[in-house]
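**Student:** Just the structure for this:
(one chain, ligands or ions: 1)
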Amino acid sequence: MKEDKLKEELFNEIKRRGLLEQEDSEVKETESELYKLNNKTIKILTERIKDEYTAHYFYRAATNWCQDKNYKKASEFFKNEADSELEHAQKIQEYMTDFNVIPEIPQSPIEHKFDGLIEIIKGAYKMELGLMKSYNENSKDLFNDDMTTFDFLGKFRKIQKEAVIEYSDLINASELVDINDKFQVLYFEQTYF
Ligand SMILES: [Fe+2]
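**Tutor:** Next up is the predicted model:
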């Protein structure tokens, strides 16, 4: 009994001096970890970083091809496309570091070879459409468990929608000319880029 009383007094003394609170706050400090994106979100964003870099390299290759062939307007157009894709890849990485994840940059395919301007446009359309579908699928997937990333992907869904429309328009326009006639392809390039 005497020992219990002693313990109680000791406990009260500790409480009175605020020693317990101090200890509590120390515990809280180590427990309060910063919010990190979950693994599912990290996996999705890493795949999209890869796609954005793939698009960057595709448009760089297209720029180089057009420059070599002296399609001046198209080469300027694809140069800007390549720059935007790099920005998209950077934006995703910044979003990840904002939420305390250091992104692992995946290896993207870098070899893209072309035989003609129309082939580039069709390739770009296929690539942008694929990316639009991926962002849409990812958004559906994240809607239930990561609303913040769902919102973040909103601007990428918009970017992809516009890219698909842009290349779709170019493909339609290319059907107005005979793509086997070099002069008509040059006319197409001068008119639509
Ligand atoms: Fe992009």
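
**Student:** got the residues of this structure near the ion?
**Tutor:** Neighbours of the ion within the chain, by Cβ under 5 Å from the ion: 52, 85, 88. Every C-beta, even on glycine, is put in place using the N, C-alpha and C of the backbone.

**Student:** who's in contact with the last one?
**Tutor:** To tie it back to what came earlier, the one meant is residue 88. 52, 55, 156, 159 (Cβ atoms under 8 Å, 6 or more residues apart in numbering).

**Student:** which ones among these are found in strands?
**Tutor:** Counting by DSSP state E, no part of the contacts of residue 88 is found in strands.

**Student:** residues in contact with residue 107?
**Tutor:** If you count contacts by Cβ under 8 Å, 6+ apart, residue 107 has them with residue 50.

**Student:** and it, backbone torsions?
**Tutor:** phi -80, psi 120 (degrees, to the nearest 10).

**Student:** do you know how far it is from residue 121?
**Tutor:** Per Cβ to Cβ, to the nearest Å, residue 107 is found 26 Å from residue 121.

**Student:** same thing with residue 53?
**Tutor:** 21 Å.

**Student:** Repeat that for residue 139.
**Tutor:** Distance from residue 139 to residue 121, by Cβ to Cβ: 27 Å.

**Student:** Equivalent analysis for residue 93, please.
**Tutor:** 29 Å.

**Student:** Between these two, point out the one with more neighbours.
**Tutor:** residue 121 (24 against 19; other Cβ atoms under 10 Å).

**Student:** quick one: contacts for that one?
**Tutor:** Counted by Cβ under 8 Å, 6+ apart, residue 121 has contacts 167, 170-171, 174.
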